[in-house]
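Chemist: Sequence first, predicted coordinates after that:
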Amino acid sequence: MDIIDSKYIGLVSSRLQKFKRVKPNLFNFRCPICGDSQKHKNKARGYFYQMQIQTNYKCHNCGASMSFSNFLKKIDPALHKQFVMEKFKEGFAGSKGSTTVEAPDFKKIIKKPVFKEKQIVIEPPQTLDLPKASEIPIAREYLEKRKLDPSKFYFAYKFKEWTNTQKQTFDTIGRDESRIIIPMYDEDKILIGFQGRSLGPNSVKYITVMINEDAPKIYGLDQVDNEKPIYIIEGPFDATLVQNGVAMCGSDLDIRSFGWSDCIYVYDNEPRNREIVNRIDKTINGGYKVVIWPTSVVEKDINDMVLGGHNIMSVLESNTYSGLQAKVKFNNWKKI
């Protein structure tokens, strides 16, 4: 972080309630613009963070988003003038004092940064003020029974109420329920959305909420290794059981925009499901690799296959096809 930014963060910090340094280049405090939570005085959802070379401000309660310079201008105009002048002097002398540079344009110094609205830039786990699923017996038991790692997920006792603290989604929160929270991060570990998985039999199984509506609805982008084969799977739970797996979370995106060189599509083992059959056919015709399940595998999805004792990576690697071979295997599979 710029040394001048650090200096002025220190100067303004005395005016910010619950101010603390979370990690290098990340500071947390109660938002002075909206006052943060009126019910919970310990809630602190304002953040200073660094994006590339610029320091910015974001509140996850009111949605305020601006450069650090504009934040100072709003909170303390006098301190902001000192900040701008110091930046101006730095522009003349250079950070090393060896090169004279052109005087900076003050309008550019205080210009609001351009980035997508509602993009959250806090690295996990700071974005989720929730207990881990591993800490909640009912969630831990449910996940462990399915051979899933509870530490990868969170738990919300009141899903609708908590969701509205992240993004206003529900007009009413009556008949609220608890759900396992499956967080979705992008390549920079920025929270872009989440899924809520119901534990009850009579509820909608999955509810997806995108905090950043422009972000791809994909789980696992923060873990993907572009140098290895990437398995594109239907659900997040299944994706955690596959090495280098991502989940589409109900979306149907053109993954060529991600620049992935080696992608393998993995659909559920349902040859009588017309939608899945059509998607596999489209994938093969698009020139992509696809897994065609062998007759020895009777389970419907990856989680069930793991529970059934299959070595899932071995099954995937030995049943990946493309081109004409994929068409032949596919035609035989859909006749089952």
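Modeler: Yep, that arrived.
Chemist: So which residues make contact with stretch 156-166?
Modeler: For stretch 156-166, contacts defined as Cβ atoms under 8 Å, 6 or more residues apart in numbering pick out 60-61, 129-130, 169-170, 173, 176-179, 181, 194, 196, 207, 209, 211. C-beta here means a position set from N, CA and C on the backbone, and glycine is covered the same way.
Chemist: Over to stretch 191-200?
Modeler: 119-120, 122, 124, 127-128, 138-139, 142, 156, 159, 163, 166, 177-186, 204-212, 215-217, 219, 236-237, 249.
Chemist: Strands - which of those residues land there?
Modeler: 156, 179-185, 206-210 (DSSP state E).
Chemist: Can you tell me which of the residues you listed are buried?
Modeler: 156, 179-185, 206-207, 209-210 (16 or more other Cβ atoms under 10 Å).
Chemist: of all those residues, which comes closest to Gly259?
Modeler: Tyr185 (18.2 Å; Cβ to Cβ).
Chemist: so what's that closest one up against?
Modeler: Residues near Tyr185 by Cβ under 8 Å, 6+ apart: 124, 191-192, 221-222.
Chemist: Between which two of these is the distance greatest?
Modeler: Across these (Cβ to Cβ), the longest gap, 12.3 Å, separates Pro124 and Leu221.
Chemist: neighbour-wise, which of those two wins?
Modeler: Leu221 (18 against 13; other Cβ atoms under 10 Å).
Chemist: Is it correct that that one is in contact with Asp186?
Modeler: Yes - using Cβ atoms under 8 Å, Leu221 is in contact with Asp186, at 5.1 Å.
Chemist: Where does Ile232 fall, secondary structure wise?
Modeler: Following DSSP states H and E, one finds Ile232 within strand 230-233.
Chemist: If you could redo that for Ile276, that was the one I meant.
Modeler: When elements are assigned from DSSP H and E, Ile276 belongs to helix 274-285.
Chemist: okay, that helix in PDB with CA atoms only?
Modeler: Provided in PDB are the C-alpha atoms of helix 274-285 (Å, rounded to 0.1, in the frame of the first residue of the first chain):
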ATOM      1  CA  ARG A 274     -33.700 -35.200 -21.900                       C
ATOM      2  CA  GLU A 275     -32.100 -31.900 -20.800                       C
ATOM      3  CA  ILE A 276     -28.800 -33.700 -19.800                       C
ATOM      4  CA  VAL A 277     -28.700 -35.700 -23.000                       C
ATOM      5  CA  ASN A 278     -29.200 -32.500 -25.100                       C
ATOM      6  CA  ARG A 279     -26.400 -30.700 -23.200                       C
ATOM      7  CA  ILE A 280     -24.000 -33.500 -23.700                       C
ATOM      8  CA  ASP A 281     -24.800 -33.600 -27.400                       C
ATOM      9  CA  LYS A 282     -24.200 -29.800 -27.600                       C
ATOM     10  CA  THR A 283     -20.900 -30.200 -25.700                       C
ATOM     11  CA  ILE A 284     -19.600 -32.900 -28.000                       C
ATOM     12  CA  ASN A 285     -20.600 -30.900 -31.100                       C
END
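Chemist: With that, I have no additional questions.
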